[in-house]
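> what shape does this take:
(chains A and B)
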Amino acid sequence: MVTLWVLAVGAISQAGLFKSVVLFVTMGVVVAVAWARLGAADLAMVEVAVGAGITGALFLNTLGHLEQGPGKGGQGEDKARL
Amino acid sequence: MNSSQIYVIAGAGLVSVGLFAWVVRRHLVRRMMGVNILSTGVFMVLIGGARQVEGGPDGVPQAMVLTGIVVAVSATALGLALIQRIYDQRGERSVEERGPM
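Below you'll find the model as predicted:
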């Protein structure tokens, strides 16, 4: 329980957004372990596959898009100008 | 205090943390993460409460949570697509925090 809270608070208060996503995925895995202990094995399977895997992939996709996506004054325009 | 009440309290704590992130934080990705943490807390309260019933764990809250996880992932995908669109429209590319928090 304490591990869960520490991971959740760290996920929202971490300075770097990538570290935050990593802590969020770790929290998903810990939640899956908690559900396996609560007697819901199917929920644990779904959580570790969907809740941690696909959601983490979506967040990382958004981070990559925000870092090198198209925008004004970006690297793509610098390359086009050169 | 038995073991399932511990999980109910942990779920309540996750709900409060997610609500804090959703209301206070400025960055949109971090807000989306707060919504996810909040939904995880709600699921944990449901499953922990289903253990309190006599005669074994109830199957209906587990099915509801199983559906809720899938719906939460699809809602997260929609929200993150909207966030990408918003940052494209604004022309902002920084992932740093803006504002006071």
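
> tell me the pLDDT of A:Leu82.
Listed pLDDT for A:Leu82 reads 35.

> three-state assignment of residue 52?
In the absence of a named chain, chain A is used. Reducing the assignment at A:Ala52 to three states with DSSP: H, G, I helix; E, B strand; the rest coil gives helix.

> not what I meant, chain B
In three-state terms, and counting by three-state DSSP, B:Gln52 is coil.

> show me what counts as buried in the longest helix along chain B.
With DSSP state H applied, the helix covering the greatest number of residues in chain B is identified as helix B:59-90. Applying a neighbour-count criterion of 16 or more other CB atoms under 10 Å in any protein chain shown, the buried positions in helix B:59-90 are B:61-62, B:65-66, B:68-69, B:72-73, B:76-77, B:79-80, B:83-84, B:87. Where you see a C-beta, it was placed from the backbone N, CA and C, and this is true even at glycine.

> intersect those with the contacts of chain A.
Taking CB under 8 Å from any CB of the partner chain as the test, chain A is in contact with B:Gln62, B:Val65, B:Leu66, B:Ile69, B:Ala72, B:Val73, B:Thr76, B:Ala77, B:Leu80, B:Ile83, B:Gln84, B:Tyr87 out of those.

> ok, and for stretch A:6-21, which residues are buried?
Buried residues in stretch A:6-21, defined by neighbour count with 16+ other CB under 10 Å: A:Leu7, A:Ala8, A:Val9, A:Gly10, A:Ala11, A:Ile12, A:Gln14, A:Leu17, A:Ser20, A:Val21.

> cool, and stretch B:47-54?
Buried residues in stretch B:47-54, counted by 16+ other CB under 10 Å: B:Ile47, B:Gly48, B:Gly49, B:Ala50, B:Arg51.

> for chain A, tell me which of those show up nearby.
Near chain A, judged by CB under 8 Å from any CB, the entries from the buried residues of stretch B:47-54 are B:Ile47, B:Gly48, B:Arg51.

> which one of those residues is nearest to B:Ile9?
Within these, distances to B:Ile9 taken as CB to CB reach their minimum at B:Gly48, with 8.3 Å.

> ok, that closest one touching B:Val8?
Yes: distance between B:Gly48 and B:Val8: 4.0 Å, which falls inside the contact criterion (CB atoms under 8 Å).
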